[in-house]
Structures are given as structure tokens and as C-alpha cells.
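Colleague: Sequence and predicted structure below; questions after.
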Amino acid sequence: MNDVSLREKSIVMIGFMGVGKTTIGKAVAKRLYRDFIDIDEEIEKKFNMPTSDIFKQYGEKTFRETEKEIIIQSCKQKLKIISVGGGAFLQEEIRNACLSDCIVFFLDLSWDNWKERISLLIDSRPVLQGKNIEQIEELFNERQPIYSEHHSRVSTDNLVVDEVADYIAEALKTAWDIHEPNAG
């Protein structure tokens, strides 16, 4: 895959569940005229049921296997914006595929800001089911180190979707101009 120019590489959004990977990813895709792929949505399409039902019926292991397959496939595509689930980067193969074939943006939201979204997230996220706020905070902190492998970190605290999307689109355009000044 090394023959893919920086400009053509797909962009991957990572971060904890509910930080806005899908919403921001869609906004960036619009700005860069690219297709958007939501990995969780692709998994749901494959099983024809919501993520929470896949977890209940098939278990997390089956979900993670399918997730890996779809992400590795998606990373090989050019010119996409890809949002991966909050737990995807737990798998080394997924991390490696994303980091070598794509440009990875870590959407970093602080616990205090994330906590304010919890009521919107709790019902739809199987990983949060049956956990109290302390256990969720523990999971949040536990997962932070897996997001440390990325190409660019964007702190999204107190920013609206458009501000984050503008920042990412501009950062990419700048990088493309520096690394491939005469392309396009």
C-alpha cells in the first residue's frame, strides 16, 4: 500500500465512544468531497441488527472479529473518511492497518466534557450496560493509552463539530501541500 500518495490515503477517526467520531467524520468527508464509512454501521448492516443485539446474540468476540475484517478492508480503500468504534484500537492488527495505510486522527475529549454526554449514549452502547459512573470512568481512563498511537491529536473540548471538522480539513490540506506541493 506504500504506493498510495498521502493525498489519497483514507482518514481514520479514533477515540472513546461518543466523542463524535461519526458526526465529525461526516463533516470532514463533506469538506473533502470523500465518502464516509462508519464501521459500526457496516457491522450492523452485515448482521442486520443493532450493535447491542450483536453483542447479546453473538458475543463481543464475534463482533470484534467482524470489526477487524471490515476495518482492514476499509483501510485499503483510498479517499475515504472512516470512523472506527471506540474499542477497535484494542486490537493490534487494527491499529497497525490504520496507522500504516491511513492517516489517523485521535479525537480527544476530556472526561469532564464526555460525562455530560452520558445520558445520550448509555442506552445504545453495549459496553456501558450495567456500569455505574465510576466503572465507566475507569473504562474511559483504561482506553486512553490505546489512542496514543495516531498521526494527529485533536482536542475537541468546548469545540463545535464544524470547528473540529474545519481544523482537520485544514490540517490535512496543509500537510498535503508540504509533502506533495505539486500534486493535484
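Modeller: Sure, I can see it.
Colleague: Can you list the residue ranges for strands in the chain?
Modeller: 10-14, 35-38, 80-83, 102-108, 152-155 (DSSP state E).
Colleague: Same list (those) but as a markdown table, adding mean pLDDT and distance to residue 144.
Modeller: Every residue, glycine included, has its C-beta placed from N, CA and C. Listed next are the strands of the chain as a markdown table, based on pLDDT from 0 to 100; distance: least, CB to CB, whole Å:
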| stretch | mean pLDDT | distance to residue 144 |
| --- | --- | --- |
| strand 10-14 | 98 | 11 |
| strand 35-38 | 98 | 22 |
| strand 80-83 | 98 | 18 |
| strand 102-108 | 97 | 9 |
| strand 152-155 | 96 | 11 |
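Colleague: out of those strands, deepest packed?
Modeller: strand 10-14 (a mean of 27; mean count of other CB atoms under 10 Å).
Colleague: by contact count, what packs against that one?
Modeller: In this structure, strand 10-14 makes packing contacts with helix 21-32, helix 60-75, strand 80-83, helix 92-101, strand 102-108, judged by 3 or more CB pairs under 8 Å, 6 or more residues apart in numbering; DSSP states H and E.
Colleague: Show me the one of those that comes nearest residue 123.
Modeller: helix 21-32 (16.3 Å; CB to CB).
Colleague: residues in contact with that closest one?
Modeller: For helix 21-32, the surrounding residues in contact (CB atoms under 8 Å, 6 or more residues apart in numbering) are 11, 13-15, 34-36, 38, 40, 81-84, 86, 107, 156, 161-162, 164-166, 168-169, 172.
Colleague: 7 Å instead, please
Modeller: Residues from elsewhere that reach helix 21-32 (CB atoms under 7 Å, 6 or more residues apart in numbering): 11, 13, 15, 35-36, 38, 81, 83, 107, 161-162, 164-165, 168-169.
Colleague: What of stretch 134-149?
Modeller: Contact with stretch 134-149 is made by 14-16, 86, 89-90, 95, 99, 106, 111, 114, 128, as judged by CB under 7 Å, 6+ apart.
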